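Asker: Below is the sequence, then the predicted model.
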Amino acid sequence: GVPQLPPRPIAERRLSRRIDVGQVPVGGGAPVSVQSMTTTRTSDIGATLQQIAELTASGCQIVRVACPTQDDADALSTIARKSQIPVIADIHFQPKYVFAAIEAGCAAVRVNPGNIKQFDDKVKEIAGAARDHGTPIRIGVNAGSLDRRLLQKYGRATPEALVESALWEASLFEEHGFRDIKISVKHNDPVVMIEAYRQLAARCDYPLHLGVTEAGPAFQGTIKSAVAFGALLSEGIGDTIRVSLSAPPAEEVKVGIQILESLNLRQRRLEIVSCPSCGRAQVDVYKLADEVTAGLDGMEVPLRVAVMGCVVNGPGEAREADLGVASGNGKGQIFVKGEVIKTVPESKIVETLIEEAMKIAAQMEQDGVAA
Ligand code: SF4
């Protein structure tokens, strides 16, 4: 068997209260979950369920759907019933859709205190309905739609303003004894966002949903989210995450999972340790790494595969990995668990690595170390 050390997490987690979003626990030490949001019209039930199925397959654990119209509200009960993962209805502006979502059996409802008019008067009723149905509420504050009173008070969406909005809203629910709440305070600037979550974490014990809002296209959004979530999660802050990208939602999920794996907040799956290449490389490292990555796509076991361009760091890294190759002189030395098991011509490196990876994976699965 292959001995596996349990991953060492980045930090002690902040102690938050636990809520249950459908079957997914959030807070209270539960694993950090990854969520995303559909881009279909929610009223188009078929397209929405199709996208939710794709998101589920990509590892998404909780999905949010927008609910801007009555047709969308009408679609919620079918979507909530047929989705394999918990569905959160995302409500802006109209309190009536909050009630509709709760009654439709959504696993949670997200409300934005900044833009639901007369929301404060409705909190008692909402808290009552949510309690009756066991539906948690996410208080989702967003810099772009901050409560006007707070915008006037602070001049702009500062961390203090975001936190005050969230805690004010939470206090209204608390007045009615309702604490089944999680909170987000999103901003598009990671620095402001990080500070807001730090302040919020210090001032309440609600589970926190991390997000950098409007993070941008895939490259920029990935980096902004990774930096911001990395900073917070390394302080133990954050119970569920959503990466926002101007890209298909399954991409958000991939990035979210990778962030958690990078921080050892989740068992790593396939990890390709490939060198950046340099003037010493004796093989096209990029191509080799891409081909190995593609060949092993979908592998569910925590396998570390080293792809090294030459024999300087090659054998060392290859030895640290479960499996690896160090190239040189048109050949590849294939390492398994630190031992050179064979040397193959360059043209056979990819297929040999994939073959050996499959063997190790099968053994790992047998030993029950699947991620
Ligand atoms: Fe350069 Fe070799 Fe290091 Fe790759 S392993 S970066 S080729 S020295």
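Answerer: Ah, there it is. Numbers count the residues shown, from 1 in each chain.

Asker: Shouldn't Val65 be within a strand?
Answerer: Yes - the assignment for Val65 is a strand, going by DSSP: H, G, I helix; E, B strand; the rest coil.

Asker: ok, how many other residues are close to it?
Answerer: The local packing count at Val65 equals 26, with neighbours defined by other C-beta atoms under 10 Å. The C-beta positions use only the backbone N, C-alpha and C, and glycine is treated the same way.

Asker: I'd assumed Ile91 was in contact with it.
Answerer: No - with contacts counted by C-beta atoms under 8 Å, Val65 stays clear of Ile91, the gap being 10.4 Å.

Asker: Give me the buried positions along the worst-scoring helix or strand of the chain on mean pLDDT.
Answerer: Lowest by mean pLDDT, DSSP states H and E among the helices and strands of the chain is helix 314-320, with a mean of 75. The neighbour-count check on helix 314-320 (16 or more other C-beta atoms under 10 Å) flags 314-315, 317-319 as buried.

Asker: now for that helix, which elements pack on it?
Answerer: strand 304-308, strand 323-328, strand 331-336 (3 or more C-beta pairs under 8 Å, 6 or more residues apart in numbering; DSSP states H and E).

Asker: Show me which pair in the buried residues of helix 314-320 is furthest apart.
Answerer: Largest separation among the buried residues of helix 314-320 by C-beta to C-beta: Gly314 and Arg319, giving 9.3 Å.

Asker: Turn the helices and strands packed on helix 314-320 into JSON lines, including mean neighbour count.
Answerer: Compiled in JSON lines, the helices and strands packed on helix 314-320 are given as follows (neighbours: other C-beta atoms under 10 Å):
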{"stretch": "strand 304-308", "mean neighbour count": "26"}
{"stretch": "strand 323-328", "mean neighbour count": "26"}
{"stretch": "strand 331-336", "mean neighbour count": "22"}
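
Asker: isn't Pro217 right up against Glu251?
Answerer: No - the criterion here is C-beta under 8 Å, and Pro217 misses it with Glu251 at 10.4 Å.

Asker: sorry, back to before: ok, which of the helices and strands packed on helix 314-320 comes nearest the ligand?
Answerer: Judged by C-beta to the nearest ligand atom, the one of these that comes nearest to the ligand is strand 304-308, at 4.3 Å.

Asker: Which residues of the protein lie near the ligand?
Answerer: With C-beta under 6 Å from any ligand atom as the criterion, the chain meets the ligand at residues 275-278, 280-281, 308-310, 312-314.

Asker: What about the residues you listed, which one has the most neighbours?
Answerer: Busiest of the residues of the chain next to the ligand [other C-beta under 10 Å] is Met308, holding 30 neighbours.

Asker: residues contacting it?
Answerer: Listed by C-beta atoms under 8 Å, 6 or more residues apart in numbering, the contact partners of Met308 are 274-275, 285, 314-315, 317-318, 324-327.

Asker: Please name the bridge partners of it.
Answerer: Residues in a beta bridge with Met308, per DSSP bridges, are Ala326.

Asker: Would you mind measuring from it to Pro302?
Answerer: Distance of Met308 to Pro302, given as C-beta to C-beta, to the nearest Å: 20 Å.

Asker: Repeat that for Ala218.
Answerer: 26 Å.

Asker: for Ala247, same thing?
Answerer: 27 Å.

Asker: Then Thr78?
Answerer: The spacing between Thr78 and Pro302, counted by C-beta to C-beta, is 38 Å.

Asker: I am finished for the moment; much appreciated.
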